[in-house]
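J.: structure of the sequence below:
(one chain, ligands or ions: 1)
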Amino acid sequence: MAFDQVLHQKAFINGASVDSSDGAQFAVINPATGETITQISDCTARDAEKAIASAKAALKPWAAKTAKERCEIMRRWFDIVIEHEQELAELLSTEQGKPLAEALGEIRYGAAYIEWFAEEARRTYGDLIPSAKGDARILVMKQPVGVVAAITPWNFPNAMIARKAAPALAAGCPIVIKPAEDTPLSALALAQMAKLAGVPEGVINIVTTSKAQEVGQVLTTHQDVAKVSFTGSTEVGRIIMRNGAETIKKLSLELGGNAPFIVFDDADLDRAVDGALMSKYRNSGQTCVCANRIYVQAGIYDAFVEKFSAKAAELKVGGAFESDVALGPLINTEAVAKVEELVADAIEKGASATIGGSKSDKGDLFYNPTILRDVSRNARVLREEIFGPVAPVIKFKDEADAITLANDSEFGLAGYFFSKDLGRVWRVAEALECGIVGVNEGVTSAVEAPFGGVKQSGLGREGSHYGLDDYLELKYVLMGGL
Ligand code: ADP
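T.: Numbering: from 1, shown residues only. Predicted coordinates:
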């Protein structure tokens, strides 16, 4: 396959491809077939320390470059990624399972962060504030936070790396990245392309490992790491927050979600159904912003369930390289087991499956698109992140009921609702306890917009002009005796 050109087997530390310090390797598996794609360096705590040391050494010279110089290097990086988008998409599909067209979309989406932050680097404006003293002025400058450690998940093996590395580099911060053990290959490919673009040694490091806890411990406690940027589960997010306490690390945390998706009686039904399909089944339901609970007002409940079921039943399940495929495999056997458990619990509590409700005959990790109706309000599927192609649809009475149900969660990442009533649109958009709200839209992610959650869904924002601030410190300088 063409992805051979972008396949790398060794960790990337201080600008070089390296074996782990003990020579160990681990296998990266294709989830669609169960076959080993390749063996790669299985880094240890010692390797993580080396990567941090090389990032530390790179900090001063990288931060000292002008924003324009950093911008030009990053722009070249973006160009190289786009030049190789096809190979990168094939590699991504092979290690993660998502359909090729979706993988290509992810490569472009990830690249857009590199382009965006290359541009934003040049707009790291400070401030001049009038002082109460006539002979003084207050100056505010922005400076890089220092060495950044990033820990990323497997559901977006390319975009999650780009979304952290791009603002870090733009701000002048070197980064040490630990990609998820399931999907380290896309990260290695991106780093090699950064090197080709002229990113100096030590500025990007990729510590591939199957020992998440051992390596994660070093990255999140080391005194030379100023900031940790993490995307993953709330459970691991808590560990990372605790680990960072000793050295008061700055944190960006993109954690779990439990997105409500509300359809009011006055919604455009077809638009709501299309939105639900996109929001629920993208990446086989394995995104933290996927619709997790679909609330539909009583007046259109049956019509919605019928149309949604008819359309979802047409989604083709299969390998990433089959034509017209919409749903790939889940990432591993634990993910399938969790989905099976949640569906069984919902059915036991009175729900029925209008479509799906079982594994697909495509292979061990494939699960059919599923819609559950008449789901009891105490079903686990409404409390826990499903991370699979299962859509529980629940009936609600009125606007107040919908808002109460939607906000009844410790999570607050994304929320969606469909309505044509302008007053309701404002009321509900303001009332939802979420960092991201899609109004009459099922997919909201965009490089220009701030991505992030409230409540236990996390801290900080990625993307947009706000995204650079997570990697910058404010320095207040009082200029006196003028
Ligand atoms: P997911 O449910 O998406 O797999 P996780 O939170 O388990 O989410 O994993 C996200 C990332 O966190 C992965 O890179 C994983 O290796 C890493 N990770 C898991 N446990 C730890 C830990 N104890 N310390 C640091 N990183 C960890």
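J.: all contacts plus neighbour counts: C-alpha atoms, from now on.
T.: Will do.
J.: near the ligand, which residues of the chain? Just list them.
T.: By C-alpha under 6 Å from any ligand atom, the residues of the chain that approach the ligand are 151-153, 179-181, 212-213, 216-217, 232-233, 236.
J.: how does it look with 5 Å?
T.: 152-153, 180, 212-213, 216, 232-233, 236 (C-alpha under 5 Å from any ligand atom).
J.: need phi/psi at Ala89.
T.: Here is the backbone geometry of Ala89 (degrees, to the nearest 10): phi -70, psi -40.
J.: could you check the pLDDT of it?
T.: With respect to pLDDT, Ala89 scores 98.
J.: show me the shaky parts of this protein.
T.: In the predicted model of the chain, residues 1 satisfy pLDDT under 70.
J.: thinking again about what came up before, as CSV, the residues of the chain next to the ligand with neighbour count and distance to Gly244 would be great.
T.: As requested, these are arranged in CSV below (neighbours: other C-alpha atoms under 10 Å; distance: C-alpha to C-alpha, whole Å):
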residue, neighbour count, distance to Gly244
Thr152, 25, 17
Pro153, 20, 19
Ala180, 21, 20
Ala212, 17, 16
Gln213, 12, 14
Gly216, 21, 11
Gly232, 20, 16
Ser233, 18, 16
Val236, 14, 12
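J.: walk me through the domains of the protein.
T.: Domain assignment for the chain by the TED database gives 3-255+457-476, 259-439.
J.: how long is the first one from one end to the other?
T.: Using C-alpha to C-alpha, to the nearest Å, one end of domain 3-255+457-476 lies 48 Å from the other.
J.: where do the helices sit along this structure?
T.: Under the criterion DSSP state H, the chain contains helices at 45-64, 67-83, 85-96, 100-120, 159-171, 185-197, 212-221, 234-245, 269-281, 301-313, 333-348, 399-407, 422-431.
J.: who's in contact with the shortest one?
T.: Translated: helix 399-407. Helix 399-407 is touched from outside by 260, 262, 264, 295, 396, 428, 431-433, with contacts defined as C-alpha atoms under 8 Å, 6 or more residues apart in numbering.
J.: that older thread, nearest to Leu482, out of the domains of the chain?
T.: Smallest distance to Leu482 across those (C-alpha to C-alpha): 4.8 Å, for domain 3-255+457-476.
J.: how far off centre is the closest one?
T.: A distance of 12 Å separates the centroid of the chain from that of domain 3-255+457-476, by C-alpha atoms, centre = their mean, to the nearest Å.
J.: now for the residue positioned nearest the centre of the chain: which residues touch it?
T.: What sits nearest the mean C-alpha location of the chain, by C-alpha atoms, centre = their mean, is Met160, with 4.9 Å. Neighbouring residues of Met160 by C-alpha under 8 Å, 6+ apart: 110, 152-153, 231.
J.: nearest to Ile331 among these?
T.: Nearest to Ile331 among the contacts of Met160, with distances taken as C-alpha to C-alpha, is Pro153, at 11.1 Å.
J.: just checking, the closest one touches Val236?
T.: No. Using C-alpha atoms under 8 Å, Pro153 is not in contact with Val236; the gap is 11.1 Å.
J.: in the stretch 351-482 of the chain, which spans are strands?
T.: Listed in chain order, the strands of the stretch 351-482 of the chain (DSSP state E, counting those that start in this stretch) span 352-355, 370-373, 390-396, 411-412, 414-418, 436-439, 454-455, 458-459, 472-479.
J.: next, the angle helix 269-281 makes with the third one.
T.: This points to strand 390-396. If you take axes from the mean of the first three to the mean of the last three C-alpha atoms, to 10 degrees, strand 390-396 sits at 140 degrees to helix 269-281.
J.: number the residues from 97 up from this point.
T.: With 97 as the first residue, the last one maps to strand 486-492.
J.: got the contact list for strand 486-492?
T.: Here strand 486-492 makes contact (C-alpha under 8 Å, 6+ apart) with 376, 381, 387-394, 397, 401, 435, 439, 453, 465-473, 477-478, 498.
J.: what sits against Leu568?
T.: Per C-alpha under 8 Å, 6+ apart, neighbours of Leu568: 238-241, 267.
J.: no, scratch that, I was asking about Tyr377
T.: Contacts of Tyr377 by C-alpha under 8 Å, 6+ apart are 386, 422-423, 465, 484-485.
J.: highest neighbour count among those?
T.: Neighbour count (other C-alpha atoms under 10 Å) singles out Cys386 as the most crowded of the contacts of Tyr377, with 34 neighbours.
J.: surely that one meets Lys376?
T.: Yes. Counting by C-alpha under 8 Å, Cys386 does reach Lys376; the two are 5.1 Å apart.
J.: overlap in contacts of these two?
T.: Counting by C-alpha under 8 Å, 6+ apart, nothing touches both Cys386 and Lys376.
J.: just the buried members of the contacts of strand 486-492?
T.: Buried members of these, counted by 16 or more other C-alpha atoms under 10 Å: 376, 381, 387-394, 397, 401, 435, 439, 453, 465-472, 477-478, 498.
J.: need the contact partners of stretch 209-227.
T.: Residues from elsewhere that reach stretch 209-227 (C-alpha under 8 Å, 6+ apart): 163-164, 166-168, 170-171, 173-174, 233-238, 258-259, 262-263, 266-267, 543-544, 559, 561, 564.
J.: try 6 Å
T.: With C-alpha atoms under 6 Å, 6 or more residues apart in numbering as the test, stretch 209-227 has contacts from 163, 167, 170-171, 174, 233-237, 259, 262-263, 266, 543.
J.: the ligand: which of those residues is nearest?
T.: Closest to the ligand out of the contacts of stretch 209-227 is Arg259 (14.6 Å), distances taken as C-alpha to the nearest ligand atom.
J.: show the contacting residues for the closest one.
T.: When contacts are counted by C-alpha under 6 Å, 6+ apart, Arg259 touches Tyr209.
J.: try 7 Å this time
T.: 206, 209, 558-559 (C-alpha atoms under 7 Å, 6 or more residues apart in numbering).
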